[in-house]
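Visitor: Just need the structure, nothing else, for what follows:
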Amino acid sequence: MKVYLIHHANASRAEQDLGRHLSETGREECARLGSHLKAAGASFASILHSDKQFSLESAERIAEVLGQVNRTGVAGYPCNTGHDIAPFIAEIEASSGDIMMVGHSDFLVRTASKLLCGDETARVIEFKPGNATTFCLERDGDDWVLAYAWRLEHLAA
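Guide: Here you go, the predicted model:
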C-alpha cells in the first residue's frame, strides 16, 4: 500500500481572489503532476483533500488527468494546519488501497513523520518549495518507508 502526500498547487492570492482558486500556474502544476502519476501507473482507492478551495481544485484536477475523478472527496475530518492527524492515520490503516491526500504542509509533514518514525514532531520530510510537491510513502511489512519524492522541477514541463 502507498500513501501519496501532496501539497496543494499554487493558489491565487486572497487580494486577487477571495475564493482562493488555483492560479493558472497551479492548474499547470496539477496537469504536470497528474500526467506524471498516470505515467507511473498510480491508482487510488481514495483521493482526499482538505476543505480549502485550492486543495479541492488540486485534487480534482490531478484526478481528472488520472481518470479517477469519482474517487475524490473532502476528508471526513479536519486536515488543515494544526489539526489532529489521528483520524487520517486510522483511515490509512483501514484502507485496502492506495490513498492520495492533497492538503497543507503542516498536516502532511506530521503525517509522514508519524508513519515513518512514530513521532509526528520529528519533521522527516519538508515541502520546500511546496506547491504540488509529492511524497510517496509505502508500507514495508509493519513499517513505512519513503518510496520517492517529486518536486515540480523534477517533472518535465
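
Visitor: and Ala42, what does it touch?
Guide: Neighbouring residues of Ala42 by C-beta atoms under 8 Å, 6 or more residues apart in numbering: Tyr4, Leu66, Asp98, Met100. In this view, the C-beta of every residue, glycine as well, is placed from N, C-alpha and C.

Visitor: from memory the second one sits against Ser35, does it?
Guide: Translated: Leu66. No: assessed by C-beta atoms under 8 Å, Leu66 is found out of contact with Ser35, at 9.0 Å.

Visitor: Do you have the helices of the chain handy? List them.
Guide: For the chain, the helices defined by DSSP state H cover 24-39, 53-66, 86-94, 105-117.

Visitor: pLDDT weak spots in the protein?
Guide: Low-confidence segments of the chain (pLDDT under 70): 156-157.

Visitor: before we move on, back to that, top of the contacts of Ala42 by neighbour count?
Guide: Met100 (26 neighbours; other C-beta atoms under 10 Å).

Visitor: ok, now how distant is that one from Ala14?
Guide: Distance of Met100 to Ala14, given as C-beta to C-beta, to the nearest Å: 26 Å.

Visitor: Now Gly130: closest residue in space, sequence neighbours ignored.
Guide: Nearest residue to Gly130, sequence neighbours excluded (C-beta to C-beta, 6 or more residues apart in numbering): His7, at 4.3 Å.

Visitor: residues in contact with Arg13?
Guide: With contact set as C-beta under 8 Å, 6+ apart, Arg13 has no partners.

Visitor: related to what we said a few turns ago, neighbours around the residue nearest to Gly130, how many?
Guide: Taking other C-beta under 10 Å as the criterion, the count of residues near His7 is 25.

Visitor: before we move on, what about Phe135?
Guide: Per other C-beta under 10 Å, the neighbour tally for Phe135 reads 23.

Visitor: With the one 3 residues further on instead?
Guide: Glu138 has 15 neighbouring residues, counting by other C-beta under 10 Å.

Visitor: Perfect, I'm done here.
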